[in-house]
Structure formats: structure tokens, C-alpha cells
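K.L.:
starting from these lines, generate the structure:
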Amino acid sequence: MDRVSRHRVAGPGVWLLAAGVGFVLVGYVIYPSLAVVRESFRAPAGWTLDNYARFFSLEWPTNLVATWTSVWISLASVAGSAVVGVPLALFLAAFEFPGRRVASALVMMPLVLPPLVGVLAFVFLFAESGLIPRGLHLFFGVDPERWSLGGAWGIVAVHTYSFYVYFSTFVAAALEGRDPSLDEAARSLGAGRWMRLWRVMIPLLAPALVGAALLVFMVSMASFSAPLIFAGAMRVLSVQIYATKLSGDLGLAAAQTAILSAISLVFLVFVRSWTGRRRAVLSARGVVARRRRLPEGALRLVVPPAAVAISALALLPHLTLVMLSFVRQGTWTFRLSSWLPTEYTFDNYRYLARVAAPLVHSIELAALATALNVVLGVAIGWLLVGGRLRGGRALDVLVMLPWALPGTVVAVNLVSAFSRPNVFSFGVALVGTFWLLPLAYFVRNLPLVARSAHAAFEQFDPALDEAARSLGAGWWLRFRRVTFPAIAPGVLGGSLLAFVTALGEFVASVLLWVPSNRPVSMAIFAEYHEYNLEAAAAYGVVLLLFIAVVLVLSRTLLGVQTEGGTIV
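P.N.:
Below is the predicted model:
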């Protein structure tokens with residue numbers, strides 16, 4: 001039985017499920033977005049454009065400066081990520097050598113770092129008293145302030161480290177799926193290496209490069225943790241929204257949020273269009289290019305260990321966190337007398353054992369949000385497959401909307417929507433309660449689970465369901481005994497990624513947390529602000545280990561492949 005058999009007239013059960021999915025998407029995705037737009041036009045005297053006039057005012061250009069700063073930092077982040085990610089992908093995809101698998105795994109290590117933890121690792125490495133400036137000062141007499149990382153270029157450095165994975169992943173997929181006969185045909189016509197690169201390879205990689213560039217630009221515009229830590233007095237739009245909200249100017253914060261949302265949605269359209277082009281180019285033929293062996297001689301001896309060593313640089317932030325987590329409080333961080341710490345202790349972890357509530361809260365919040373993601377994501381995936389429901393394309397776009405919106409935007413949207421009782425909050429104002437934060441995690445990560453469930457349903461053979469139906473099994477028995485076991489690995493992949501993303505989430509947490517659900521990211525941020533950097537590092541290591549264990553178990557025990565990234 002082919003996939004055409006899935007197309008059937010939607011029955012009452014399908015429409016009932018669609019109504020439930022629609023209620024959730026309208027109530028927690030569309031309504032909050034419209035609420036913040038409405039808030040941006042409201043004033044005590046009625047409807048007004050004053051908030052947008054203030055945003056674009058040349059007399060008070062703070063918001064325009066913040067927008068322009070966000071744009072050029074995002075462009076610089078795209079350039080930096082491409083410079084690092086593209087050569088790595090070209091080399092690892094083109095050559096086969098001992099240690100290639102290890103190097104390929106190491107270059108993916110930025111994905112394991114939660115956003116705030118990764119930013120703090122860069123502080124410990126490159127701030128004025130960090131490992132690198134400290135070493136330059138002690139060994140070469142260099143002023144550590146001159147070589148410390150901060151401001152706009154500190155943000156770009158963090159973005160480059162965090163987002164080069166997008167370029168390496170997109171380009172590697174394009175190279176491994178390319179048709180090698182194109183290059184061979186150009187060679188047979190007398191084209192040299194540079195001509196083949198310009199006329200064959202670059203057009204082939206263009207969709208992947210543009211798709212990765214658009215994605216990096218979008219997530220850089222949405223970045224919050226890196227600007228919050230490194231920007232200082234410099235204005236960046238995502239942090240400007242946070243500062244405006246804290247000042248109580250909710251109308252201007254809503255206008256800032258609406259404008260950032262519009263920018264993000266424009267780039268979502270570009271990403272989707274270029275992703276479609278990329279698939280069209282790669283589907284030309286089913287021939288997979290083979291990797292070449294390194295030439296005989298010194299290159300074969302030198303390149304493999306050099307490639308592994310360079311790839312291992314991606315581990316440097318992780319190793320720095322681990323080292324600092326064992327340092328005795330106040331003995332090294334602000335003293336430049338030694339390059340490496342001289343006093344180590346387990347006291348930081350003993351301290352965490354006494355204040356473990358934030359980690360427990362994060363696990364509870366992430367588990368609750370992910371459970372809701374699984375229920376709704378499976379329903380959406382089932383509705384999207386095989387034309388079960390008219391308007392499936394619109395549903396797909398609507399599901400992806402939270403992915404395009406920055407975490408700051410999602411948080412402000414929810415505050416605007418649920419500061420007063422309404423039907424979607426079941427007559428209760430959610431602002432200031434336990435429930436708004438897990439709701440933000442749920443909305444933010446819904447696309448991850450819905451897309452993985454959709455892909456899993458695409459791979460499910462409907463003949464199995466028809467066979468169970470012919471044996472008299474009802475829909476619940478068929479789903480429980482046939483369908484769900486078949487799609488479970490795919491759904492679990494997206495669910496685990498959603499869980500670990502929510503576990504270290506900081507962007508929405510900083511705006512929505514309350515004492516009853518204070519997450520671990522806020523505990524880390526508080527320790528950092530109290531200059532208890534060693535405890536902050538210990539928190540980061542525990543969170544990092546928890547995430548790593550979840551991902552490793554998903555791969556080794558369950559055979560689940562998780563892909564994705566984080567927005568810092």
C-alpha cells in the first residue's frame with residue numbers, strides 16, 4: 001500500500017483533534033502575538049502610534065542604535081561562523097583519515113553547551129582575568145585588558161563558536177549528497193581546479209551557504225545571553241526589550257517586541273525558501289561522493305593529529321568550566337599571580353548539594369513542557385501527514401512560528417496575553433504564577449517535537465495500520481500497539497532535544513521566573529552577579545553533564561539521533 005492511501009476524507013475524529021490543536025495554537029501562539037501588537041498601539045487615552053514614534057525618533061535614537069547594532073553584529077556573526085564552519089566541513093567531508101570520526105564529533109561540541117553556560121565559559125576564558133589574557137600577561141608581559149574579550153566583538157566571538165555548527169552541518173550535508181559526476185564532467189572538459197570550484201562547487205553549495213547564513217543571522221538577532229553579559233553599555237535590541245520592560249514602559253517594550261518579531265518572520269520566510277531550493281539541488285541524482293584519502297608522505301602523518309587537535313579546541317570552554325568548578329572560592333579568579341589555579345576543592349559541589357532546588361525546578365519545568373510538547377506534537381505530526389486535513393500547509397507554518405520568534409519576544413508576548421484573565425488561561429491571570437514559565441518552554445520548543453513527529457509519521461507504512469484495522473483493532477489499540485511503537489524513536493529524538501533545550505533555557509526564564517519555579521539558569525546568573533564564579537561554574541558543569549548523559553543515552557541505548565542547536 002503506497003502513501004496515496006493516506007488521503008481520505010477527514011472524519012469527525014480528525015476534526016475534533018484539529019479543533020483541539022487549533023485551540024492550543026491560537027491561544028498560546030497567535031493570541032499572545034496579537035496581544036503584544038495590540039499593547040504596542042495602546043495608551044491610557046486610547047489607541048496611539050506614540051510607541052512606534054518613540055522607537056523611530058531621531059531625538060531619542062536609542063532603539064534605532066540598538067537595532068543597527070544588532071544587525072551589524074549579526075552580519076559579523078554570519079561571517080565569523082562561515083569562516084570557521086565552511087573549511088571544517090570541506091575538509092571533513094572531502095578526506096578520509098584516521099581520527100576523522102573523532103574530529104567530526106568534537107566540532108559538534110558547542111551544541112552541548114546551554115546558552116548561558118557557554119557565554120560564561122567565554123568569560124572565564126577571555127575576560128580580563130580569564131585564562132587566555134592571564135597567560136599572555138604572565139608569559140609575555142601583555143596588558144590583559146588589551147587582549148580581553150568584551151563588547152561587540154565578544155558577542156561576535158560567542159556567536160561564532162555557537163553557530164559555526166550550522167555552516168559545517170549544512171555544507172557537509174551538501175557535499176556528501178552531491179553528484180560527483182558534475183565535477184568529473186567539468187574536469188573532462190578541461191576545467192581547472194579554480195574553474196571547477198567557481199562554476200560547479202560554489203553553485204552547488206550556494207543554497208546551503210545562504211540557508212546557513214540566514215539561519216545564523218536570525219538566531220544572532222535573537223541572541224540574548226551573549227549581549228547581556230558582554231554588551232556593557234552598548235545597546236542591542238533583544239536586551240533593550242528586557243531593559244525597557246524592567247523600567248515599566250510596557251508600551252514601548254511591546255513596540256520593540258513587534259519590530260523584532262517582524263524582522264525574525266522575514267528571515268523565517270527566507271530560510272524556508274532556501275531550504276526548499278537546497279533539497280531540489282541535492283535530489284538531482286542518488287550518487288554519493290566518496291571521500292579521498294590523504295596523499296602519501298608528510299601530509300598523511302601530520303594532518304590527522306592536527307585535525308583532531310584543532311577540533312579539540314571546541315572542548316576548551318567545557319574544560320575551562322570543569323577546572324574552575326573545582327577552584328577554591330576567591331583564590332584564583334581575580335588574582336593574576338598564577339596562570340592556573342593552585343588550590344582545588346569539592347566545596348563548590350557541596351554548596352550545590354545544599355542549594356539544589358533550582359536544578360530540581362528546571363527538571364520539573366522541562367519535563368512538564370516536554371510532556372505537553374509530545375502530546376501536541378504527535379497530534380500535529382499525524383494531522384500533517386497524507387493530506388488528512390485541509391490547510392495543512394498553514395498549520396505547518398503556524399507550528400514553526402515559535403521557532404522564528406526570539407525567546408525575549410515569546411516571553412513578552414505571554415506577559416501581554418496573560419496579565420489578565422481570559423479564556424485561554426481559564427479565567428486566571430498567569431503572570432506572577434508558576435505556570436507561565438513552563439508555558440513559555442512549551443511554546444518555544446513545540447516546533448522541535450512537531451517536526452520530528454511529522455518526519456516519523458512520513459516514514460510509517462500505513463499498511464500496518466490497515467492490517468490492524470482489518471483484524472478488528474480500534475483506533476486506540478492500533479495507535480498504542482502499532483503506530484506509536486513505530487514512530488517512537490523519531491518522536492523521542494525531538495522530545496529529548498526539547499527537554500535539554502528547556503533545561504538550560506535562560507532567555508524567557510529571566511523575564512518569567514518566580515520564586516516557586518526559579519530555574520537553574522537563573523541560579524547560575526545570580527552566582528555570576530554575586531562574583532561567586534566558581535559556584536556558577538559548578539552549576540554549569542552539573543547542567544552540562546546532565547544534558548550530555550541524556551544525549552548519550554538517547555544515541556547508545558535508544559538509537560535516537562538528535563540534531564539542532566541553541567540560541568544564545
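K.L.:
contacts, neighbours, all on C-alpha from now
P.N.:
Fine.
K.L.:
burial count for residue 16?
P.N.:
Counted with other Cα atoms under 10 Å, the neighbours of residue 16 add up to 11.
K.L.:
can you pull the contacts of residue 221?
P.N.:
Residues in contact with residue 221 (Cα atoms under 8 Å, 6 or more residues apart in numbering) are 70-71, 74, 237-238, 264.
K.L.:
mind putting the residues you listed into TSV with distance to residue 431 and pLDDT?
P.N.:
Rendered in TSV, the data for the contacts of residue 221 read as follows (distance: Cα to Cα, whole Å; pLDDT from 0 to 100):
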residue	distance to residue 431	pLDDT
70	29	93
71	31	91
74	32	93
237	23	91
238	21	89
264	25	80
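K.L.:
now name the helix or strand holding the nearest residue to residue 172 once chain neighbours are set aside.
P.N.:
Leaving out its chain neighbours, the residue that sits closest to residue 172 by Cα to Cα, 6 or more residues apart in numbering is residue 89, at 5.0 Å. Element membership of residue 89 [criterion: DSSP states H and E] is helix 62-94.
K.L.:
how far does the next helix-or-strand element following that helix sit from the chain's center?
P.N.:
Counting by DSSP H and E, the element after helix 62-94 in chain order, helix or strand, is strand 95-96. A distance of 29 Å separates the centroid of the chain from that of strand 95-96, by Cα atoms, centre = their mean, to the nearest Å.
K.L.:
and strand 95-96, what other elements does it pack with?
P.N.:
strand 292-293 (3 or more Cα pairs under 8 Å, 6 or more residues apart in numbering; DSSP states H and E).
K.L.:
can you give the contact residues for the strand it packs on?
P.N.:
Counting by Cα under 8 Å, 6+ apart, 94-97 sit against strand 292-293.
K.L.:
for the residue nearest to residue 172, give its distance to residue 394.
P.N.:
To residue 394, residue 89 is 34 Å away according to Cα to Cα, to the nearest Å.
K.L.:
could you pull out the buried residues of stretch 23-34?
P.N.:
For stretch 23-34, a neighbour-count test (16 or more other Cα atoms under 10 Å) marks 24-25, 27-29, 31-33 as buried.
K.L.:
who touches residue 138 in this structure?
P.N.:
336-339.
K.L.:
about what we covered before: so which of the buried residues of stretch 23-34 belong to helices?
P.N.:
By the criterion of DSSP state H, membership of those in helices covers 24-25, 31-33.
K.L.:
want to throw these into a markdown table with distance to residue 131?
P.N.:
Written out in a markdown table, the entries for those read as follows (distance: Cα to Cα, whole Å):
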| residue | distance to residue 131 |
| --- | --- |
| 24 | 48 |
| 25 | 47 |
| 31 | 47 |
| 32 | 44 |
| 33 | 43 |
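K.L.:
dump the residues you listed into TSV; add distance to residue 369 and pLDDT as well.
P.N.:
Formatted as TSV, these follow (distance: Cα to Cα, whole Å; pLDDT from 0 to 100):
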residue	distance to residue 369	pLDDT
24	14	91
25	15	90
31	19	92
32	18	92
33	20	89
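K.L.:
returning to what we had before: next step: the contacts of residue 138 restricted to helices.
P.N.:
Among those, no member falls in helices (DSSP H).
K.L.:
among those residues, the buried ones, what's the ChimeraX command?
P.N.:
Buried members of the contacts of residue 138, defined by 16+ other Cα under 10 Å, are picked up in ChimeraX with:
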select :336,339
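K.L.:
my guess is residue 115 meets residue 228, correct?
P.N.:
No - using Cα atoms under 8 Å as the test, residue 115 is too far from residue 228 to be in contact (11.6 Å).
K.L.:
neighbour-wise, which of these two wins?
P.N.:
residue 115 (26 against 20).
K.L.:
does residue 406 touch residue 237 like I think?
P.N.:
No - between residue 406 and residue 237 there is no contact, the gap being 11.0 Å when judged by Cα under 8 Å.
K.L.:
drop anything exposed from the contacts of strand 292-293.
P.N.:
94, 96-97.
K.L.:
closest one to residue 212 out of those, please.
P.N.:
residue 94 (19.5 Å; Cα to Cα).
K.L.:
break the chain down into its domains, please.
P.N.:
Per automatic domain parsing, the domain ranges recorded for the chain read 1-48+348-568, 61-235+246-345.
K.L.:
can I get those domains in TSV including distance to residue 54?
P.N.:
Below are those laid out as TSV (distance: least, Cα to Cα, whole Å):
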stretch	distance to residue 54
domain 1-48+348-568	11
domain 61-235+246-345	8
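K.L.:
figure out which of those domains is closest to residue 55.
P.N.:
Among these, domain 61-235+246-345 sits nearest to residue 55 (Cα to Cα), with 5.6 Å.
K.L.:
next one: that closest one to chain centre, how far?
P.N.:
Centroid separation for domain 61-235+246-345 versus its chain: 13 Å, with Cα atoms, centre = their mean.
K.L.:
quote the end-to-end distance of it.
P.N.:
Criterion Cα to Cα; first-to-last residue distance in domain 61-235+246-345 is 49 Å.
K.L.:
where does the prediction get shaky in this structure?
P.N.:
For the chain, the stretches with pLDDT under 70 are 1-13, 45, 176-194, 196-200, 271-291, 294-299, 386-392, 554-568.
K.L.:
what about the strands in it?
P.N.:
Taking DSSP state E as the criterion, the chain contains strands spanning 42-43, 46-47, 95-96, 292-293.
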